[in-house]
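Enquirer: output the structure for:
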Amino acid sequence: MNQPLWQPSPERIAAANLTAFMRHVREHCGVGIRDYPELYAWSVTDSERFWHALWSFCGVIAATQGDVVLADRDKMPGARWFPEARLNFAENLLRRRDNATAIVFWGEDRVKSRITYRELHAVVSRLAQALRAAGVKAGDRVAGYMPNLPGTVIAMLAATGIGAIWSSCSPDFGVQGVLDRFGQIEPKVLFAADGYFYNGKTIDVIDRLKDIAENLPSLQKIIIVPYTRRDPDIGGIPNSANIHDFMAPYRPREIAFERLPFNHPLYIMYSSGTTGVPKCIVHGAGGTLLQHLKEHVLHTDIKPGDRLFYFTTCGWMMWNWLISGLAARAALLLYDGSPFVAGGKILFDYADAENMTVFGTSAKYIDAVAKLGLAPRKTHRLHTLKNMLSTGSPLVPESFDYVYHSVKNDIQLASISGGTDIISCFALGNPVLPVWRGELQCRGLGMKVEVFDDSGQPVRGEKGELVCTAPFPSMPIGFWNDPDGAKYRAAYFERFPGVWCHGDYVELTAHDGLIIYGRSDAVLNPGGVRIGTAEIYRQVERLDEVVESIVIGQDWDHDVRVVLFVRLREGLKLDPGLSDRIRKQIRDNTTPRHVPAKIVQIADIPRTKSGKIVELAVRNVVHGRPVKNIEALANPEALELYKNIPELAT
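Expert: The predicted model follows:
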């Protein structure tokens with residue numbers, strides 16, 4: 001394609017925060033930056049001055065920054081950013097105190113609420129006092145088993161404001177899934193809602209909370225946040241209190257923020273894989289704050305008063321990313337429940353009703369509304385919407401076409417990619433660059449991202465491993481219960497010693513953007529040729545009959561054969577004619593090696609609670625191997641469909 005799908009206007013470029021930052025760099029660092037490629041090159045070759053400039057430009061609140069930006073810079077892992085700094089994450093998010101809206105909440109079409117910045121500070125102050133009185137101190141773990149409510153944000157800010165470590169998962173996790181996560185980190189306090197709404201139904205979790213309380217001996221207090229009813233009966237939950245009663249003795253006052261070292265633990269996140277008990281990934285306060293400020297202010301061009309939305313649960317890192325929007329003085333638009341209420345239009349209704357400026361979602365959601373035939377540009381105004389963000393899986397080129405044809409033609413569509421591992425992104429949008437079909441716009445500032453071939457040599461215009469060859473502030477500070485760092489090093493640094501290997505199979509394009517072909521560990525290898533699964537999904541899901549698909553490599557006859565499972569529209573059967581059309585679609589648009597040896601109709605496709613399909617779990621079931629950490633799945637029963645399939649025995 002010779003022309004971009006979108007090009008920022010000269011006025012938009014001039015008004016961009018990124019343009020102001022380049023001016024800041026010229027004036028304060030004496031570096032003659034003229035455009036983004038020059039800025040990116042400077043940010044990775046002189047990374048210490050870059051991160052120092054970002055701190056200044058974004059106005060990070062701290063007791064001290066210190067004179068040292070990076071210590072042990074040659075160690076990866078092991079480099080230490082701003083080792084003398086003292087700050088508090090929540091203090092930076094609560095910097096605004098006026099009566100403008102801070103948070104808007106929709107719980108499907110049943111619950112709506114809003115809170116101002118002044119009210120947010122007041123309620124966080126009261127809850128922080130209550131937590132201190134309950135014995136919570138810096139370094140203690142406070143967990144949330146919560147929907148995406150304002151109360152969840154308030155609990156996180158109160159906990160981290162006093163130096164506690166926050167960890168959360170969504171209430172659709174079963175008891176074992178909660179214990180697999182929180183059991184490892186031993187929280188002192190648990191925040192939990194009484195239930196949640198999904199697709200018009202009310203799901204009660206009180207009985208689950210009783211089981212969790214009995215099996216988490218570290219818990220000293222369970223704080224219940226009423227959501228599905230005004231006054232839930234919590235008498236059967238030991239050491240529990242209604243949040244309103246818990247805070248009742250305390251009046252709002254200035255928050256005594258604990259200003260702690262830059263790398264003081266802030267969040268514990270969990271790997272979503274299904275190959276074992278989740279890894280507990282620990283992220284530091286300073287690195288998370290700096291990285292999110294960079295991504296919000298520079299890459300997403302968020303300005304004070306913008307209204308930031310991301311469709312996410314509290315079990316996905318995009319929740320943590322979303323909440324950091326407060327540090328950029330944005331208002332957060334929270335949504336909990338099914339995105340397909342009101343015929344799939346509810347999120348676009350939300351965009352219109354609340355003047356949404358940034359609409360974040362998953363690639364799967366965009367594909368799903370396209371399959372539903374929705375055309376929001378015809379049914380909604382979307383006049384304030386300037387950015388649409390997508391992550392979770394590769395955004396196929398046809399989804400780019402759909403957004404510009406059916407959502408809005410004057411919008412910056414940013415496919416972004418990173419992960420729980422770095423609580424941020426390696427590749428992002430860019431308000432001063434064009435959008436090219438099927439490409440992530442750019443590598444993130446300060447992230448020395450390269451593509452390595454199998455021998456560890458950098459390549460461009462070829463597929464390879466996404467790596468980062470220099471330290472960055474949001475690298476994990478480690479894994480929980482990994483005192484010598486062996487698990488941490490094994491996860492990211494074994495493939496190419498001294499280099500972060502992320503596990504994505506990608507290509508660096510002529511536009512200096514990225515194309516992602518899928519996870520490296522899910523790459524197919526028939527006849528020794530590497531094939532990214534996203535290349536097959538893109539073709540298969542263009543067919544109207546196919547709702548979604550999952551592809552694996554099956555060990556067969558001393559090689560690997562490609563097996564494709566398809567979920568079809570209701571009432572359809574996979575007959576030889578449709579199988580032939582699927583194969584032709586793949587062969588005509590990829591290579592003969594991409595064509596599956598077997599195509600099997602399946603009723604459901606297993607996915608994690610954040611919506612990612614789990615190719616490795618399906619591959620394990622097909623090969624008769626156990627799947628661990630099944631609690632990470634939203635629909636674990638779907639795995640049963642892949643056992644002992646007759647077509648795969650021949």
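
Enquirer: show me where the stretch 351-500 of the chain has its helices.
Expert: Per DSSP state H, counting those that start in this stretch, the stretch 351-500 of the chain carries helices over the ranges 363-371, 376-379, 397-402, 486-492.

Enquirer: which secondary structure elements does the second one sit against?
Expert: Which is helix 376-379. Where contact means 3 or more C-beta pairs under 8 Å, 6 or more residues apart in numbering; DSSP states H and E, helix 376-379 is not packed against any helix or strand. All C-beta spots, glycine's among them, are computed from the backbone N, C-alpha and C.

Enquirer: identify the residues contacting that helix?
Expert: Lys345, Phe348, Val369, Leu382, Ser406, Val407, Lys408, Asn409 (C-beta atoms under 8 Å, 6 or more residues apart in numbering).

Enquirer: tell me where the model's unsure across the stretch 401-550 of the chain.
Expert: Applying pLDDT under 70 to the stretch 401-550 of the chain picks out residues 528.

Enquirer: of the contacts of helix 376-379 - the most surrounded one?
Expert: Using other C-beta atoms under 10 Å as the neighbour test, the contacts of helix 376-379 are led by Val369, with 25 neighbours.

Enquirer: now do the contacts for that residue.
Expert: Neighbouring residues of Val369 by C-beta under 8 Å, 6+ apart: Gly344, Pro376.

Enquirer: distance of it from Val407?
Expert: The gap separating Val369 from Val407 is 9 Å, by C-beta to C-beta, to the nearest Å.

Enquirer: all strands in the stretch 251-400 of the chain, in order from the N-terminus.
Expert: 260-261, 265-270, 280-284, 307-310, 331-336, 358-362, 387-391 (DSSP state E, counting those that start in this stretch).

Enquirer: helix or strand with the lowest mean pLDDT in the protein?
Expert: The weakest-scoring helix or strand in the chain, judged by mean pLDDT, DSSP states H and E, is helix 533-540 (a mean of 88).

Enquirer: distance from it to the middle of the chain?
Expert: 22 Å (C-alpha atoms, centre = their mean, to the nearest Å).

Enquirer: could you point out the helix or strand that follows that helix?
Expert: strand 546-556 (DSSP states H and E).

Enquirer: for Thr469, the count of nearby residues, please.
Expert: 16.

Enquirer: give the contact list for it.
Expert: Lys448, Glu450, Val499, Trp500.

Enquirer: select the longest helix from the chain.
Expert: For the chain, the helix that runs over the most residues, judged by DSSP state H, is helix 117-133.

Enquirer: hmm, who's touching that one?
Expert: By C-beta under 8 Å, 6+ apart, helix 117-133 touches 90, 94, 96-103, 115, 142, 153-155, 157-159, 161-162, 164, 189, 243, 246-247, 249-256.

Enquirer: pull out the buried positions in that helix.
Expert: Across helix 117-133, burial judged by 16 or more other C-beta atoms under 10 Å covers 117, 119-132.

Enquirer: now do stretch 408-419
Expert: Applying 16+ other C-beta under 10 Å to stretch 408-419 flags Lys408, Ile411, Gln412, Leu413, Ala414, Ser415, Ile416, Ser417, Gly418, Gly419 as buried.

Enquirer: is it true that the fifth one touches Leu428?
Expert: Yes. Shown here, Ala414 and Leu428 form a contact pair, counting by C-beta atoms under 8 Å, at 6.4 Å.

Enquirer: now do the shared contacts for the two.
Expert: His299, Thr300, Leu440, Gln441.

Enquirer: out of those, which is most surrounded?
Expert: Thr300 (30 neighbours).

Enquirer: contact partners for that residue?
Expert: Counting by C-beta under 8 Å, 6+ apart, Thr300 makes contact with Leu308, Val358, Asn387, Leu389, Ala414, Leu428, Gly429, Pro431.

Enquirer: relative to Pro10, which of the residues you listed is nearest.
Expert: In terms of C-beta to C-beta, no member of these lies closer to Pro10 than Pro431, at 12.4 Å.

Enquirer: distance of the closest one relative to Thr19?
Expert: On the measure of C-beta to C-beta, Pro431 and Thr19 end up 8 Å apart.

Enquirer: now Gln601
Expert: With distances taken as C-beta to C-beta, Gln601 is found 52 Å from Thr19.

Enquirer: kindly report the same for Asp74.
Expert: Counting by C-beta to C-beta - Asp74 and Thr19 are separated by 34 Å.

Enquirer: more neighbours: those two, which one.
Expert: Shown here are Asp74 and Thr19; by other C-beta under 10 Å, Thr19 has more neighbours (18 against 10).

Enquirer: correct me if wrong, but that one is in a helix.
Expert: Yes. Judged by DSSP: H, G, I helix; E, B strand; the rest coil, Thr19 forms part of a helix.

Enquirer: so how far is Val546 from Thr19?
Expert: 43 Å.

Enquirer: what about Ser610, how many neighbours?
Expert: Using other C-beta under 10 Å, Ser610 has 21 other residues around it.

Enquirer: wait, is it part of a strand?
Expert: No. The assignment for Ser610, made by three-state DSSP, is coil rather than a strand.

Enquirer: my read: it touches Thr313, true?
Expert: Yes. In this structure, Ser610 is within contact of Thr313 by C-beta under 8 Å, at 6.8 Å.

Enquirer: so who does the spatially most central residue of the chain touch?
Expert: In the chain, the C-alpha nearest the mean C-alpha coordinate belongs to Met318, at 3.3 Å (C-alpha atoms, centre = their mean). By C-beta under 8 Å, 6+ apart, the contact list for Met318 reads Tyr310, Thr312, Gly360, Thr391, Gly392, Ser610.

Enquirer: nearest spatial neighbour of the second one, chain-adjacent residues omitted?
Expert: The shortest distance from Thr312 to any non-neighbouring residue, by C-beta to C-beta, 6 or more residues apart in numbering, is to Met318 (4.1 Å).

Enquirer: got the buried residues for the host helix or strand of His52?
Expert: According to DSSP H and E, His52 maps onto helix 47-58. By 16+ other C-beta under 10 Å, the buried positions in helix 47-58 come out as Ser47, Arg49, Phe50, Trp51, His52, Ala53, Leu54, Trp55, Phe57, Cys58.

Enquirer: OK, contacts around Leu308?
Expert: His296, Thr300, Ile302, Leu322, Gly325, Ala330, Ala331, Leu332, Leu333, Thr357, Val358, Gly360.
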